[in-house]
Every structure is written in structure tokens, then in C-alpha cells.
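Engineer: only geometry, no sequence info:
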């Protein structure tokens, strides 16, 4: 194919941040300045191009990540605008998985907020190079220096300012470029026109101090700059720019910019930085994966001549074309009308149409090549995280990380016609969102939906009504508790059945123990010796363990963080079967849980409360009554910051409580942090409630 843009001129970037830091506002300015739109859309007016869902326009928040393509200088920039709310963290996770670089936004008033730390860790997980943009410099109490300090302290980043703000709050007029040593002043209200002038004398001291810090931090990350640093010479600006790019590509340095997206100041400089400093697809190196046939580690070159390879990172349902699979192309070329191979499902799929996405609008194209992000129509079995490739050269890329749900609700249709539609609608929603789970509780006869938070489930229930015309009722939110064992033990399971003909025989011996690191899940290891059990039965034994782990023995919650080792067993030449060993494994696992003094775990939230000084005592007292553990108390101007860990079960509808305690003047944010043991008196209530639900279901007295 003939490329319009060479691969080194493509940038795949995401815009990530805490909620309300200005991600969508910044994206709207980028679309305006690059000529993609001719009118600036505003979030608060519901006219933002990237917030196209009805729920996004009503609530003024981003719910789903939206893709678009624009052009700046001589580069083609593929942008993904992501949500900031913790309930939709899966959208950030899967976006960062396929992006080459990221712009991390910070609110100049609030600095590094809890969700800022989360997205930073997610970017670290996928080794994504990034630049920072300190937004909202026009707001009262904006503090660029404090935000930069928090980036160092809270995120541990080797970051330095490459710009300084000129003026603050209402007097914010422009930015000083430390590399060019020029002041950029904005006179045009739209920000399209600006002037470069000399730096005012009164700023010379601050500029020199900031340039010295930039030099110092850059020397830590780049050998060439270090040689200048040792000699005490300041390098020329072209050397500095090249060094910044090298250091950013290595993820060893983070340049920090500043501005005000809402007031149209500073966004063009961020676009310049995207083109100058963030990586092209070829800069990331080879694509790494495994061969699904041999499980061998393989690498693939990032160019159009290599065999096609791509990752489906998102599934969406379009009312007109049906199912859309968002795909990042890592190598090769994909044409419409051809067949591709789903290496995870080991199935062929036909590509009926390829489209470039601009939020919810589509542009039909014939083919895509290395580095492109597109949506594919026609794939029936492909889900989020599946690798697409050619059947002749199969590869499976590294799996994506999906967070576990922390909250559940029962849902039931209001009529028989709704019942028929609900199953299909829930299937489509789970295909779209891997952090949304649907299960059926056989004890209570209820359909249970689980997600990342109350807002997450509210939005999905709203979508059921609006998009799928399913009218349903939902129950009270329930916490997603877990169960685990507390000690190491040996457990035996036997399944023996004789019925006249061929019987069933399975016998296994497990060593079971708690995982050393929380969050490791259920692991199964085979340490059989001497052929005690034929190898063909081991997968069935593992399957028996995994099935049994879905329901614990205390209150029926899933079992987590248990290491299971198969150490012994026996078989019968005639009667042994896969089913027999699966049943034996299930018996051994369940029996081990009964002997191991199991405990119930509950999700703990990392919460930050920003409260005026006069209400701090009331808030701390209320948090203590909710079993919160205060981690730190900080000060931000005339408000106090309370950082704490608090059980999710204790803070349902906390928004209403905090409003009434502080006359609506306090705010809070929270995100799932870890699981810990439930106090014994509360665990007993949970067990009683669970057994009560079961007896009620079966009419027991």
C-alpha cells in the first residue's frame, strides 16, 4: 500500500488524568487547532465532540474512551480521550495498552490527585512514555510549583518544567519556553494567534533557576547532557531537544508543560511536544508475543512488510453497523474483505468493513497499516484482548489486565418481553466492558450484575433502558466479598462410584496454602512424581479446582489467593476418567477450605476527602465510625486533605452524608485499593445473611 504518512510521522497518544482535570476540554482544543473541527465544543454545554453519549452530555463526564485522528505539523496524531472517573478505569487500562505515548493532565489547583496516581501506575505497567500538562493555570489558587513538587514526591517521576507560567489566576497571560528562552503571549481569545517576545527582566531569576533544574534532571537521564553537566557548560537548544526526546523514549524523563485549555492557552505547545518528543510506532521496538501452536516466545518487526498483527482493545455496539471492534495494528497491512485469524479463539473471521473513528462518526477506508488505530466491522467472536493476525504466522500478544468488580446488584426485568431482551442486552454490554460481569445466583434465582462502582452500574442500567429498551428493577448494592484460607494443609479428595458397569474413580492429594502476595489469585501447580496420575487427567484436576473456587464455604463468595499444589493421587486403569478427577479435585479443594479456618475479605477503598478546616473534626469522627484508617492529613490553602482507607461496605451513599455534614462544601474521591479481612462480628453477620437468603429461597423454616 502507498502510505500517506510514513510510520515515523504517526503518533498514537492518549489523554489521561483524574476526573475533571480537563481531558475532554483539552482534546476539543486540539481538534480545533488542528482543523478537525471549526467550533470549540464545551463539556459544560454538552457540545463536546468526544463526549457523544447521551449519559456523558447529561452528566458532564467522560464515560467511554473515544478515538479520533488529526494532523499537526507533518504528523498524523491518533488520539484516545479517556474517562477520569475510577468506575471507568478499564477504559484507561485498555487504551494505555495500545498507545505509544500519553499526555498526563494535572489540575493546577488540586495537583496530583488519587486517580492521577492510578493512571500513572497504569502507564508504568505498560511502559508508556509520557509528557505532563499542568492545566487550569487561570484558576484561583493555581500553583505550578506545588504541582511539579507533587509529581516528584507522589509519582516518583524524573520530571522537570520545560515551560513556566507567566502570571497566574486571572492574570495568566502566557508561558515562558525554557528551551527557546522566549515568552509566548496570547492576545487572541481563541488562542489561535500568539506572539513570541523576549523574557521580561523580572522573570530572569526564576527562568535561570528552572533552566538549571531542567539541565540537572535531564543530565540524570541522558549521557550526552551529563557530559555537558560535568563540564559546567549549558548545551545548545537543539541538543537539549534531542536529549529530551531520547530520555522520553526511554521513559527516563518527563517534560512538564503548563497552560489553560479552557482559556485556549498552551495547547499548541503540547501538540508540538507530541510531535517532537513522544514515540512513533517504530520507536517502541519489536512486537513481542508467543506462538499459540508451540508456546515459543517470538518477536515481530514493526513495519508494513511484516505479517499482519493487531490487538482488539475495545468492543462497541453501533446502532447502524452493529458490532465494532477497535483494533491497533502493530505490524503488516489489513484490507477490508479479507479473512484474519483470531489467535486466542483459534478461529477465522472475515473483515467486512474498516472504518476510521472520529468519536461516534465513521469514515470508511479500504485498508490500514502498521501504527494505525481503526474499527473493524464483521468480527463475530473477537473480544477485548484478543490478538488478530494471519493464520500462516500466528502470534498471541501479552494479555490485558482487567480489574475485578467491587460492587454487585440484583437486576430483574419488569415484564416477560423485557426478560427476553435483557439477556441479549447484558451479553452485548459484557462484550463491550470486561470490568462488567453478569452471573446467575442459583440459590436466590437472581441475575447479579457486578461492576467497579455505583456510578458504573447506574450508567449500565440507564443504557439498558435507553439503548436496548429493557425496563428493569435493581436491588440494593452489595459488596463483592471474597473468601480465602488462613493456613497451610494437606487435603485429599476421592470420587468413587460403581453402578454395575464401568465405574468412576479419581483420587487426588493437594497441598493448599495462602498466597505470599495478596491479589495473586488461585494458582495450580503439578508436582506429581512417578506417574501417580496420568498426565492427561491433570487439566481436568485443574479445572475442578477453578470451578470450586468460584464459590466458597462460608458465604458462597469466590475464593482468592490460594496456592494449590497437586502432590499425589492414584488412578484406576478402567474406571478413571476426566470427570472423575474433576470431581475428586472439587472434593479435595472444598474439604481443604473447611479444614483451613477460612476468612472473608472485603474491598478497601483509598479515599481522599477535601474539607474546609471547620468541618474536619466532624468528617474524621464520621470516618472513624465507618472503620476508616486515616493515612495522612495535609493542607491545601484553606482546606484540609484527609487520606484514608475505608471499607466499601461502609460508604454507600457517602455523597449524601458528606454534603449534610459540611453544607455541601467538602468533596471526596475514592478508588479500589486492596482486600483485607473482615472483623469477626461483621463476618458472622455476612454469613448469617447469606444462609438466610438461601433458606428463604427454598422455603426453609
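Structural biologist: That came in fine, so what should we check first? What you are looking at is a predicted structure, and each value in this text was computed from that prediction instead of being measured.
Engineer: any idea how far residue 16 lies from residue 96?
Structural biologist: Distance from residue 16 to residue 96, counting by CB to CB, to the nearest Å: 7 Å. All C-beta spots, glycine's among them, are computed from the backbone N, C-alpha and C.
Engineer: Give the residue from those two that has the larger number of neighbours.
Structural biologist: For residue 16 and residue 96, the more surrounded residue by other CB atoms under 10 Å is residue 16, and the numbers stand at 31 against 26.
Engineer: Look up how far residue 375 lies from the more buried one.
Structural biologist: 21 Å.
Engineer: Low-confidence bits of this protein, can you list those?
Structural biologist: Scanning the chain for pLDDT under 70 picks out the ranges 1-3, 37-63, 84-87, 441-444, 499-501, 637, 692-701.
Engineer: now for whichever strand in it runs longest, which elements pack on it?
Structural biologist: Assignment by DSSP state E gives strand 599-612 as the longest strand of the chain. Judged by 3 or more CB pairs under 8 Å, 6 or more residues apart in numbering; DSSP states H and E, strand 599-612 is in contact with helix 114-125, strand 482-484, helix 616-625, strand 639-647, helix 654-662, strand 667-677, helix 680-698.
Engineer: Now do the fourth one against strand 667-677, angle only.
Structural biologist: Here the directions of strand 639-647 and strand 667-677 differ by 30 degrees (axes from the mean of the first three to the mean of the last three CA atoms, to 10 degrees).
Engineer: So which elements touch strand 639-647?
Structural biologist: strand 599-612, helix 616-625, strand 629-636.
Engineer: JSON lines please, covering these and showing mean neighbour count.
Structural biologist: Listed next are the helices and strands packed on strand 639-647 as JSON lines, based on neighbours: other CB atoms under 10 Å:
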{"stretch": "strand 599-612", "mean neighbour count": "21"}
{"stretch": "helix 616-625", "mean neighbour count": "15"}
{"stretch": "strand 629-636", "mean neighbour count": "12"}
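Engineer: As a check, name the ranges of all helices in the stretch 301-450 of the chain.
Structural biologist: 416-432 (DSSP state H, counting those that start in this stretch).
Engineer: The spatially closest residue to residue 413 that is not a sequence neighbour and residue 237, how far apart?
Structural biologist: Leaving aside its chain neighbours, residue 413 sits nearest to residue 419 (4.2 Å; criterion: CB to CB, 6 or more residues apart in numbering). According to CB to CB, residue 419 stands 67 Å off from residue 237.
Engineer: ok, back up a step: columns distance to residue 189 on top of the helices and strands packed on strand 639-647, output as a markdown table?
Structural biologist: Shown next, in a markdown table, are the helices and strands packed on strand 639-647 (distance: least, CB to CB, whole Å):
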| stretch | distance to residue 189 |
| --- | --- |
| strand 599-612 | 32 |
| helix 616-625 | 41 |
| strand 629-636 | 31 |
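Engineer: among these, which is nearest residue 664?
Structural biologist: Closest of the helices and strands packed on strand 639-647 to residue 664 is strand 599-612, at 10.9 Å (criterion: CB to CB).
Engineer: Off-centre distance for the closest one?
Structural biologist: Computed by CA atoms, centre = their mean, to the nearest Å, the chain-centroid distance of strand 599-612 equals 19 Å.
Engineer: Stretch 170-187 too?
Structural biologist: Centroid separation for stretch 170-187 versus its chain: 35 Å, with CA atoms, centre = their mean.
Engineer: what about it, how long is it end to end?
Structural biologist: 14 Å (CA to CA, to the nearest Å).
Engineer: if we look at it, which residues are touching it?
Structural biologist: Contacts of stretch 170-187 with the rest of the structure, by CB atoms under 8 Å, 6 or more residues apart in numbering, involve 137-138, 140, 142, 161-167, 193-200, 203, 207, 210-211, 214, 237, 240-241, 244, 257-260, 263-266, 269.
Engineer: Could you give me the buried positions within it?
Structural biologist: Within stretch 170-187, the residues that count as buried by 16 or more other CB atoms under 10 Å are 172, 174, 175, 176, 177, 178, 179, 183, 184, 186.
Engineer: for stretch 564-576, same thing?
Structural biologist: Of the residues in stretch 564-576, 564, 565, 566, 567, 568, 569, 571, 576 count as buried by neighbour count, 16+ other CB under 10 Å.
Engineer: What pairs with the strand or helix carrying the third one, parallel or antiparallel?
Structural biologist: Following DSSP states H and E, one finds residue 566 within strand 562-570. Under the criterion DSSP bridges, strand 562-570 sits next to strand 504-514 (antiparallel), strand 522-526 (parallel) in its sheet.
Engineer: Whichever helix or strand comes after it: which residues count as buried?
Structural biologist: Per DSSP H and E, the first helix or strand lying C-terminal to strand 562-570 is helix 578-595. Neighbour-count burial for helix 578-595, counted by 16+ other CB under 10 Å, picks out 580-593.
Engineer: Tell me where the stretch 1-150 of the chain has helices.
Structural biologist: 23-33, 54-59, 89-98, 114-125, 144-155.
Engineer: looking at those, which is closest to residue 284?
Structural biologist: Closest of those to residue 284 is helix 89-98, at 10.9 Å (criterion: CB to CB).
Engineer: Setting aside sequence neighbours, what's the nearest residue to the spatially most central residue of the chain?
Structural biologist: The centroid of the chain falls nearest to residue 93 when counting by CA atoms, centre = their mean (2.4 Å). Distances taken as CB to CB, 6+ apart put residue 122 closest to residue 93, at 5.7 Å, once the chain neighbours are dropped.
Engineer: and what of residue 478?
Structural biologist: The shortest distance from residue 478 to any non-neighbouring residue, by CB to CB, 6+ apart, is to residue 408 (4.5 Å).
Engineer: If the one you found is in a bridge, with which residues?
Structural biologist: Beta bridges link residue 408 to residue 450, residue 478, judged by DSSP bridges.
Engineer: Roughly how far does it sit from residue 649?
Structural biologist: 12 Å.
Engineer: go on, residue 416?
Structural biologist: Here residue 416 is placed at a distance of 35 Å from residue 649 (CB to CB).
Engineer: the more surrounded of these two?
Structural biologist: Under the criterion of other CB under 10 Å, the comparison of residue 416 against residue 649 puts residue 649 first, with 20 against 7.
Engineer: so what's that one up against?
Structural biologist: Counting by CB under 8 Å, 6+ apart, residue 649 touches 479, 602.
Engineer: which SS state does it fall under?
Structural biologist: With DSSP: H, G, I helix; E, B strand; the rest coil as the basis, residue 649 sits in helix.
Engineer: counting contacts, what elements does the strand or helix carrying residue 240 pack onto?
Structural biologist: Residue 240 belongs to helix 237-249 when assigned by DSSP H and E. If you count contacts as 3+ CB pairs under 8 Å, 6+ apart, helix 237-249 packs onto helix 204-221, helix 223-231, strand 254-258, helix 267-277.
Engineer: quick one: which of those is nearest residue 609?
Structural biologist: Among the helices and strands packed on helix 237-249, strand 254-258 comes nearest to residue 609, with 27.2 Å by CB to CB.
Engineer: still on that earlier bit, out of the buried residues of stretch 564-576, flag the one nearest to residue 675.
Structural biologist: If you rank the buried residues of stretch 564-576 by distance to residue 675 using CB to CB, residue 564 comes first, at 19.0 Å.
Engineer: In the sheet, which residues pair with that closest one? Tell me.
Structural biologist: Taking DSSP bridges as the rule, residue 564 bridges to residue 512, residue 524.
Engineer: how about it, what does it touch?
Structural biologist: Taking CB under 8 Å, 6+ apart as the criterion, residue 564 is in contact with 510, 511, 512, 522, 523, 524, 525, 545, 589.
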